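*Asks:* Got a predicted model here, sequence first, then my questions.
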Amino acid sequence: MRISRRAQGIAPFYALEFGKHAAALEAAGHPVVKLSIGEPDFGAPPAVLSALRDVTDGRPLPYTPPLGVPALREAIAGFYRTQHGVTVDPARVVVTAGASAALVLAAAALVDPGDEVLIADPSYPCNRQIVESFGAQVTLVPTGAESRFQLNAASVRASWSERTRGVMVATPSNPTGTSVPGDELGALCDLARERGAWRLVDEIYLNLSDHDEQGRPPRSALSRDPDAVVVNSFSKYFGMTGWRLGWCVVPEDLVPVLERLTQNYFLCASTPAQYAALACFTPESLAVCEERRVEFGRRRALVLDGLARIGLPVPVPPDGAFYVYFDVGATGLTSWEFCERALREAHVALTPGRDFGTRSAPTHVRLSYAASTDELREGIRRLGAFVRGLGA
């Protein structure tokens, strides 16, 4: 059987590969602390679980409209209004089979073969793999601690070419947990728009961001660029990873395009998941999710303190998501060697920088603090003993 060049060119998602190795160790009787996967340990809010039980009572569950259940699209639009102060027409909301499907639909709608797309290095690998699958030439724009490992208007301007057709931004970012400052994000979007390029902003972790001094949640990119394509998910803030449910907000002209693509690619997102997700937007569920966001802040503090004591520096402390991107250069190991040996010798699963780019990949490792407090404490203890052993 001849395998397509597209499939041959896709690299593994190393976070999942390390997860497979961790599972094999556990099967052999070695308890592993899993800090490699960005999966909240809380699960869906109780009201959402109750709603799922109600909707799976034996009633028929037919396809929904391709763009999603109208009530859910309205609820998502209301979420932007109440949480972010942005008015979004529900007709511009597209419910998808996870944020990954939203990215596939957006790439199918916007990318032609040979188009250049600018993405930060480091960044979430699947974003660039998806646009490359549609023929894009991805340019990974080097970033560093000075720019919070994020794109800014200056780096986008410096990397721009006559082939540039789009810019992808994730704020907060996976793997760094850092956000693009609001004014900088606006300037970046203005630059791309003025040059006729599309802007796709991954806001999957937006509602896990720190609030400002007045207690206000972060603003969506839509407040600065109403014509950006914004992608979000029920997986992270609402803890519904396995439900495979997400959404995107798109300009009005893209709505019929994404409807046709959805009809052909996915038909629709999961019917029971959509109806159950309506319970995400009740005051009860939002209060639960806010409590969990605060708990992630406590876990972050625990991890940052622990890494500092071990002597593993974090160049830019995160302000959102649930990731810490730390530097292992002083250990004398590459990030890949560090993760391999930490898993094999300390039974702690982490993710090497190779997943996320090239510039900081050899020296940086991602840790997910989506695990429980007990697991995090144990993981830090094991990493401390591992690093001390390297010094010995």
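*Replies:* Here it is on my side, so go on.
*Asks:* tell me the mean pLDDT for stretch 30-50?
*Replies:* Here stretch 30-50 scores 94 as its mean pLDDT.
*Asks:* hmm, I was thinking of stretch 318-335
*Replies:* Mean pLDDT, stretch 318-335: 96.
*Asks:* Would you indicate which residues of it are buried?
*Replies:* 318-328, 331, 333-335 (16 or more other Cβ atoms under 10 Å). C-beta coordinates here come from the backbone N, C-alpha and C atoms, glycine included.
*Asks:* With stretch 69-87 instead?
*Replies:* So for stretch 69-87, counting by 16+ other Cβ under 10 Å, buried means V69, L72, R73, E74, A75, I76, A77, F79, Y80, Q83, H84, V86.
*Asks:* Figure out how far that stretch is from the centre of its chain.
*Replies:* Distance, stretch centre to chain centre, for stretch 69-87: 20 Å (Cα atoms, centre = their mean, to the nearest Å).
*Asks:* Pull the residues that contact that stretch.
*Replies:* Applying Cβ atoms under 8 Å, 6 or more residues apart in numbering, the contact partners of stretch 69-87 are 67, 88-95, 207, 217-220, 222-223, 247, 249, 274-275, 277-278, 280-281.
*Asks:* could you show me where the helices are in the protein, in order?
*Replies:* Taking DSSP state H as the test, the helices found in the chain are 5-8, 14-27, 46-55, 70-84, 98-110, 125-133, 153-159, 182-194, 255-265, 271-277, 283-310, 335-341, 373-391.
*Asks:* can you pull the buried residues of the third one?
*Replies:* Using 16+ other Cβ under 10 Å as the burial criterion, the residues of helix 46-55 that qualify are A47, V48, A51, L52, V55.
*Asks:* out of the residues you listed, who's nearest T143?
*Replies:* V48 (36.1 Å; Cβ to Cβ).
*Asks:* That closest one: what's it in contact with?
*Replies:* F238, M240, A276, A277, A279, C280, S285.
*Asks:* could you redo the last one with a cut-off of 7 Å?
*Replies:* Each residue near V48 by Cβ atoms under 7 Å, 6 or more residues apart in numbering is listed here: A276, A277, A279, C280, S285.
*Asks:* One more: D227?
*Replies:* Counting by Cβ under 7 Å, 6+ apart, D227 makes contact with P251.
*Asks:* Could you do D327 as well?
*Replies:* Taking Cβ under 7 Å, 6+ apart as the test, what D327 contacts is L312, P313, P315, T363, H364.
*Asks:* just the residues you listed now: which is nearest V231?
*Replies:* Taking Cβ to Cβ as the measure, V231 lies nearest H364 of these, at 24.6 Å.
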